[in-house]
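**Student:** sequence unknown, structure follows:
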């Protein structure tokens, strides 16, 4: 209970009718406008009541101070010892400093009206209560420490109290300053945290106008979301959360729908800078809007292995997980951890990190770092990650699609080739991706999604093998062109139906070779690197030992190729497929982590231009997907034919069944068929 000093009786002297002090006189106190007695108190503590009435001393004054209950209006009547009233009654009396008094100019009683037609009158208090400041819950010393940035005062409790005061959500203002906190701040309602700026720059050294500085142990700094009960709305704007290389995660966002995060920085944590997750069985954590996000993990010490941003959904079906968000202008510095980690956190089954759009994502790691820029990886073997779109990313650590995760429908559009060196697998690697495509700023297009697109609109049909006419010894093509059969004692076996396969078999003598090729005359007229030739071949290889199989573009069918861009399986050299670029007998070779897949439907797509070549494969349907590529000056520019050649390196026949071949030019101006 608050009490306030009475304006009546403290310091007053009352005189009787004889003009002498009213010794024994009485001060009667009532509720204003009534005869109902109302208690007063002797001290500012309000713990000892005066007598009622109060008996005046021989000096005509009260024996003790008079303190009034806050918010209570009093009436005073003073009489002499004989009951004769001295002076008029004092009615509607409040204590000094009691802001509830109607005539006091305080926020509760002063009107406020916003400028503009139709504005409705409220009070200053009502206007101020439309948002809350964390300073409202701090002492003067705590506020001074925050403003000075000395980080001497722990302000965890005031901040948490401020958050809790907005039980139904609202706006919580963090004035400029450095806020020291030592235990996890928890926000389970749609309270918008509004700072004064995070100092978003390309480095972490600039000052942060509003900065929350973790001074606790190895636990999370901020939990934002329902954490078991999903809510909608809220967000964090214009502030920095600094984990000081101590916090496990700077920010954990969990069980929240349609929040907005703008111009925030999280930095220096040991596991994830920002973790986005959900509770199994809750609606999705998603429909994010996150813009101008800065995540910084120092390249040494406790943060060196930390991820920047982790989207780690937990799902048992289609109604939960982490999904559907837009991330704009995110810069992430990392080292051995991933810049962005996308997948499941071990619980649930599938579809746990889906449907995100990324605009101008930039991830950076030092040259000594090992973390991927974007890593699609899950602990769960049945995890599927769908429909991510990356528009104009610059990812120096590359994209990795790790098994057992599978990714469908991911697109990388106008990607940067920064720090690619000579191996495209630094930009796009891993065997866990299905239906993934990438095009780069130099116009190079590669990825697993290229293969199915070859059969739709990506390529112009200059040659499309359909069947072998054994009666006439010719191959029939989609546009009527004839091919040349290069055989040294080998055979071609007709599948017998239009569109069926052809089995190409060598003779059972060492070095026998059989090939299917586009006539060299046609090659001279158009299949040059300047127009980006492309081909695909769908086939089944039947033997491995003693087999050499080449698919692609080359200048001949000899044992040694002087100019070519092709895929080769040569059992005498390696039991793995190799991607070969050879120019004037100088070769650049990438050995791929995939074997011959005997008896399995296999498909290669090969494409090159003057400085870049890619090969994409699909083995066993969707069970094995991958790619390789080179950026090199070692790509031939001479005219070449394309085709398939199989050679035996043993005294035994070797064969391959070709289901289809298709070739043409990746050129928007070339007529589509």
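**Tutor:** Thanks, I have it. If you're wondering where the values come from, they're calculated on a predicted model, not measured in any experiment. Residues are numbered from 1 along each chain as shown.
**Student:** what about the helices in this protein?
**Tutor:** 124-128, 140-148, 156-165, 450-453, 520-526 (DSSP state H).
**Student:** which stretch in the ones you listed has the least confidence?
**Tutor:** Mean pLDDT values for the helices of the chain show the minimum at helix 520-526, a mean of 37.
**Student:** strands along the stretch 51-200 of the chain, start to end?
**Tutor:** All strands of the stretch 51-200 of the chain, identified by DSSP state E, counting those that start in this stretch, fall at 54-55, 67-69, 74-79, 90-93, 111-112, 122-123, 132-133, 170-173, 177-181, 185-187, 191-194.
**Student:** in JSON lines, list those strands along with mean pLDDT, mean neighbour count and distance to residue 355.
**Tutor:** (C-beta placed from N, C-alpha, C; glycine too.) As requested, the strands of the stretch 51-200 of the chain are exported to JSON lines (pLDDT from 0 to 100; neighbours: other Cβ atoms under 10 Å; distance: least, Cβ to Cβ, whole Å):
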{"stretch": "strand 54-55", "mean pLDDT": "96", "mean neighbour count": "17", "distance to residue 355": "75"}
{"stretch": "strand 67-69", "mean pLDDT": "96", "mean neighbour count": "24", "distance to residue 355": "60"}
{"stretch": "strand 74-79", "mean pLDDT": "95", "mean neighbour count": "21", "distance to residue 355": "66"}
{"stretch": "strand 90-93", "mean pLDDT": "91", "mean neighbour count": "16", "distance to residue 355": "65"}
{"stretch": "strand 111-112", "mean pLDDT": "78", "mean neighbour count": "12", "distance to residue 355": "45"}
{"stretch": "strand 122-123", "mean pLDDT": "84", "mean neighbour count": "14", "distance to residue 355": "43"}
{"stretch": "strand 132-133", "mean pLDDT": "93", "mean neighbour count": "18", "distance to residue 355": "35"}
{"stretch": "strand 170-173", "mean pLDDT": "94", "mean neighbour count": "17", "distance to residue 355": "29"}
{"stretch": "strand 177-181", "mean pLDDT": "96", "mean neighbour count": "23", "distance to residue 355": "34"}
{"stretch": "strand 185-187", "mean pLDDT": "98", "mean neighbour count": "20", "distance to residue 355": "25"}
{"stretch": "strand 191-194", "mean pLDDT": "96", "mean neighbour count": "22", "distance to residue 355": "24"}
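**Student:** so which of the ones you listed comes closest to residue 377?
**Tutor:** strand 185-187 (28.9 Å; Cβ to Cβ).
**Student:** what are the pairing partners of the closest one, and which direction each?
**Tutor:** Using DSSP bridges, the strands paired with strand 185-187 are strand 222-225 (parallel).
**Student:** do me a favour and average the pLDDT over the partner strand.
**Tutor:** Strand 222-225 comes out with an average pLDDT of 98.
**Student:** next one: that strand to chain centre, how far?
**Tutor:** 15 Å (Cα atoms, centre = their mean, to the nearest Å).
**Student:** show me the shaky parts of the stretch 251-400 of the chain.
**Tutor:** 315-320, 345-353, 380-384 (pLDDT under 70).
**Student:** redo the strands of the stretch 51-200 of the chain as TSV? Include distance to residue 253.
**Tutor:** Shown next, in TSV, are those (distance: least, Cβ to Cβ, whole Å):
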stretch	distance to residue 253
strand 54-55	62
strand 67-69	47
strand 74-79	54
strand 90-93	54
strand 111-112	36
strand 122-123	35
strand 132-133	22
strand 170-173	16
strand 177-181	18
strand 185-187	10
strand 191-194	12
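**Student:** tell me how far the most centrally placed residue in the chain lies from residue 334.
**Tutor:** In the chain, the C-alpha closest to the average C-alpha coordinate belongs to residue 309, at a distance of 5.5 Å (Cα atoms, centre = their mean). Note on residue 309: its distance to residue 334, by Cβ to Cβ, to the nearest Å, is 9 Å.
**Student:** got any residues that touch both of these two?
**Tutor:** The contact sets of residue 309 and residue 334 overlap at residue 295 (Cβ atoms under 8 Å, 6 or more residues apart in numbering).
**Student:** any idea how far residue 26 is from the closest residue to residue 243 other than its chain neighbours?
**Tutor:** Leaving aside its sequence neighbours, residue 243 sits nearest to residue 269 (Cβ to Cβ, 6 or more residues apart in numbering; 3.9 Å). Per Cβ to Cβ, residue 269 is found 71 Å from residue 26.
**Student:** which of the two has more residues huddled nearby?
**Tutor:** Neighbour totals were compared for residue 269 and residue 26, and residue 269 leads with 33 against 20 (other Cβ atoms under 10 Å).
**Student:** right, and that one touches residue 218 too?
**Tutor:** No: assessed by Cβ atoms under 8 Å, residue 269 is found out of contact with residue 218, at 9.9 Å.
**Student:** shared neighbours of these two, which are they?
**Tutor:** Contacts common to residue 269 and residue 218, judged by Cβ under 8 Å, 6+ apart, are 247-248.
**Student:** roughly how far does residue 146 sit from residue 228?
**Tutor:** According to Cβ to Cβ, residue 146 stands 31 Å off from residue 228.
**Student:** what about stretch 275-290, how long is it end to end?
**Tutor:** 13 Å (Cα to Cα, to the nearest Å).
**Student:** my read: residue 113 touches residue 126, true?
**Tutor:** No: when contacts are counted by Cβ under 8 Å, residue 113 is not listed as touching residue 126 (11.0 Å).
**Student:** looking at these two, which is more packed in?
**Tutor:** Neighbours were counted for residue 113 and for residue 126 using other Cβ under 10 Å; residue 126 has more, 13 against 10.
**Student:** check contacts around that one.
**Tutor:** Contact partners of residue 126, counting by Cβ under 8 Å, 6+ apart, are residue 112.
**Student:** for residue 59, grab the count of nearby residues.
**Tutor:** Using other Cβ under 10 Å, residue 59 is surrounded by 12 other residues.
**Student:** which non-adjacent residue is nearest it?
**Tutor:** Using Cβ to Cβ, 6+ apart, the closest residue to residue 59 is residue 21 (5.4 Å).
**Student:** now do residue 653
**Tutor:** The nearest residue in space to residue 653 (Cβ to Cβ, 6+ apart) is residue 508, at 4.5 Å.
**Student:** ok, that neighbour touching residue 651?
**Tutor:** Yes: distance between residue 508 and residue 651: 6.2 Å, which falls inside the contact criterion (Cβ under 8 Å).
**Student:** for those two, indicate the residue with more neighbours.
**Tutor:** Higher neighbour count among residue 508 and residue 651: residue 508, with 14 against 11, using other Cβ under 10 Å.
**Student:** dump the residue contacts of that one.
**Tutor:** Residue 508 is in contact with 648, 651-653, counting by Cβ under 8 Å, 6+ apart.
**Student:** how close does it sit to residue 314?
**Tutor:** Using Cβ to Cβ, residue 508 is found at 58 Å from residue 314.
**Student:** same question for residue 50.
**Tutor:** 65 Å.
**Student:** spit out the contact partners of the closest residue to residue 152 other than its chain neighbours.
**Tutor:** Ranked by Cβ to Cβ, 6+ apart and with sequence neighbours excluded, the top spatial neighbour of residue 152 is residue 145, at 5.2 Å. For residue 145, the contacting residues are 151-153, 155, 180, by Cβ under 8 Å, 6+ apart.
**Student:** what do you get for residue 585?
**Tutor:** The contact partners of residue 585, by Cβ under 8 Å, 6+ apart, come to 560, 562.
**Student:** low-confidence ranges, the stretch 1-150 of the chain, go.
**Tutor:** 103-106, 109.
**Student:** neighbours around the nearest residue to residue 32 once chain neighbours are set aside, how many?
**Tutor:** Closest residue to residue 32 apart from its sequence neighbours, by Cβ to Cβ, 6+ apart: residue 73 at 3.7 Å. The burial count assigned to residue 73 is 19, neighbours taken as other Cβ under 10 Å.
**Student:** from memory residue 73 sits against residue 31, does it?
**Tutor:** Yes: using Cβ under 8 Å, residue 73 is in contact with residue 31, at 7.1 Å.
**Student:** who touches the residue nearest to residue 59 in this structure?
**Tutor:** 13-15, 56, 58-60.
**Student:** could I get those residues in JSON lines, plus columns for distance to residue 660?
**Tutor:** Listed next are those as JSON lines, based on distance: Cβ to Cβ, whole Å:
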{"residue": "13", "distance to residue 660": "115"}
{"residue": "14", "distance to residue 660": "115"}
{"residue": "15", "distance to residue 660": "120"}
{"residue": "56", "distance to residue 660": "115"}
{"residue": "58", "distance to residue 660": "121"}
{"residue": "59", "distance to residue 660": "118"}
{"residue": "60", "distance to residue 660": "117"}
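**Student:** sounds good, over and out.
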